[in-house]
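Asks: quick one: sequence plus predicted model below, questions after.
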Amino acid sequence: MKKALLIMAALVLIAGIAFADDAAGVKIGAWGRGIFVPVMGGDDLLSATHASWGWNPRVGMTITGTSPNVGFQVDFNGDGGGVGAGDQQKIWVKPISMLTVQIGNIYDDTLRGNAGDYGMWNWLRSTTMTGEDVVFERVGIANLSGQDKANFEVALAPVDGAYIFAAAKGILGKSEATKYLASLGQYGAGYTIPNIGVVRAQYIGEVDKNSLVDPFGIFNVAFKVTAVPNLTLDVGGKVPTDAKAAGVTAIAACAAKYSMDALTLNAMGSFIIFESDTADMLDLIDYSTIGIEAGIGASYNLGNNLAVEGEFRYQNDSSTIYGAMKAAVTSGTLDMSQVYEDGVISGMLGLTMGFSNGLIGAGIEITSGNFVGASSLDIAKSAQNDIVWAIPVRLEYWF
């Protein structure tokens, strides 16, 4: 399999050179990140290699074919020494300039709200923190039934600044009842108001993760302010059509980024109002009925390709419950070890050296929760909210 992949990559590279001067061509791109942790501490000292989100370091590459009307994308990764499929494998066709039709494993980040992507999110994450998608979720986001990635999408850009999409997911390689085609769909639109901001709205189809027969949905609206130079402020909210099935009544979130010369400041916050039945359960176990998460971060360019960054974040007890609920979407089980009675505080300080196609860095991180990853990162603690720490070494590339 590895030999076949190398032969394929060589052929694609030759094809890319051959078509370099034409409108159509095939290209190779790549992105990857690995975190080496020589030592982390709880009751025991551990070592590990991971990506920011856990598991193995990401060693990825992308092959794309592009022409005015037809194209494809195939993402591969060599994580853990094996060759596997990456995030997307898709075919796209543009019958007319304003219309794009895609099929396969699809993410569409055109309207995504990812201003929460900073600090620990790009190093070694804590188990319950949020980052990307905190304000406005990507097309292909994992739903409560565990389905992620869209399988078929139709997107329309009728005028400058406008974007409309309809996507189905959870049906790739399967025969499903037609009702799920609509109930698991994701539908939305956005419009860029020049020099003011971007307004977005979408409906994310869901089915009850227990019965899988009671469809409901989540309305997600957001506005990104771009009127102030160097400032990105994204504010949004999510409201399910069935609060009992979703477990929450409403979620409000915001993320901000401000740059001035060498300094960049970041902040985020979210508020989760739990549904009454869930709130009653939380009261019984002495938890708040409102989840709160807040974080601030900063990075500073020191010159000579060096930069320093730091972050501090707080989650109350119920915010960790919601984080564990989101993690259960992909794992299939609610891990109560990720729920913390006294909430979670986390922080980090890191130094990076950047290059034209990557970076290397080292830092220190602490959390009263735990770090993401496989069982090797389940650090033993004498008490649930004891502080654990890690010294991550970060390597990253992009081509």
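Replies: Perfect, thanks for sending it. Numbering: from 1, shown residues only.
Asks: just give me the residue closest to the centre of the protein.
Replies: Against the mean C-alpha coordinate of the chain, by CA atoms, centre = their mean, the closest residue is Glu132 at 4.4 Å.
Asks: run me through the strand neighbours of the helix or strand harbouring Ala168, direction for each.
Replies: Taking DSSP states H and E as the criterion, Ala168 maps to strand 162-169. If you go by DSSP bridges, strand 162-169 pairs up with strand 150-156 (antiparallel), strand 186-193 (antiparallel).
Asks: could you list the low-pLDDT ranges of the stretch 251-399 of the chain?
Replies: For the stretch 251-399 of the chain, the stretches flagged by pLDDT under 70 are 327-334, 374-378.
Asks: hey, where'd the helices end up in it?
Replies: Along the stretch 251-399 of the chain, counting by DSSP state H, counting those that start in this stretch, helices occupy 276-284, 317-331.
Asks: check the stretch 101-250 of the chain too.
Replies: In the stretch 101-250 of the chain, the helices defined using DSSP H, counting those that start in this stretch lie at 178-183, 243-246.
Asks: of those helices, which is nearest Asn151?
Replies: Closest of the helices of the stretch 101-250 of the chain to Asn151 is helix 178-183, at 9.8 Å (criterion: CB to CB). (C-beta placed from N, C-alpha, C; glycine too.)
Asks: Ala246 and Gly217 touch, don't they?
Replies: No. Contact between Ala246 and Gly217 fails when scored by CB atoms under 8 Å: they sit 9.3 Å apart.
Asks: return every residue with contacts to both of those two.
Replies: Counting by CB atoms under 8 Å, 6 or more residues apart in numbering, the shared contacts of Ala246 and Gly217 are 206, 240.
Asks: what separates Cys206 from Tyr191, distance-wise?
Replies: Small correction: residue 206 is Glu, not Cys. The spacing between Glu206 and Tyr191, counted by CB to CB, to the nearest Å, is 25 Å.
Asks: hang on, isn't Ile106 packed against Glu153?
Replies: Yes. Look at Ile106 against Glu153 with CB under 8 Å: they come within range, at 5.5 Å.
Asks: list residues touching both of these two?
Replies: Common neighbours of Ile106 and Glu153 (criterion: CB under 8 Å, 6+ apart): 139, 167.
Asks: where do the strands sit along the stretch 51-200 of the chain?
Replies: Taking DSSP state E, counting those that start in this stretch, the strands of the stretch 51-200 of the chain run over residues 58-66, 70-77, 84-93, 99-106, 150-156, 162-169, 186-193, 197-207.
Asks: next, format the ones you listed as JSON lines and append mean pLDDT, distance to Asn301 and mean neighbour count.
Replies: Below are these laid out as JSON lines (pLDDT from 0 to 100; distance: least, CB to CB, whole Å; neighbours: other CB atoms under 10 Å):
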{"stretch": "strand 58-66", "mean pLDDT": "96", "distance to Asn301": "25", "mean neighbour count": "19"}
{"stretch": "strand 70-77", "mean pLDDT": "96", "distance to Asn301": "30", "mean neighbour count": "19"}
{"stretch": "strand 84-93", "mean pLDDT": "95", "distance to Asn301": "30", "mean neighbour count": "17"}
{"stretch": "strand 99-106", "mean pLDDT": "96", "distance to Asn301": "35", "mean neighbour count": "19"}
{"stretch": "strand 150-156", "mean pLDDT": "94", "distance to Asn301": "36", "mean neighbour count": "20"}
{"stretch": "strand 162-169", "mean pLDDT": "94", "distance to Asn301": "33", "mean neighbour count": "20"}
{"stretch": "strand 186-193", "mean pLDDT": "97", "distance to Asn301": "29", "mean neighbour count": "18"}
{"stretch": "strand 197-207", "mean pLDDT": "92", "distance to Asn301": "27", "mean neighbour count": "21"}
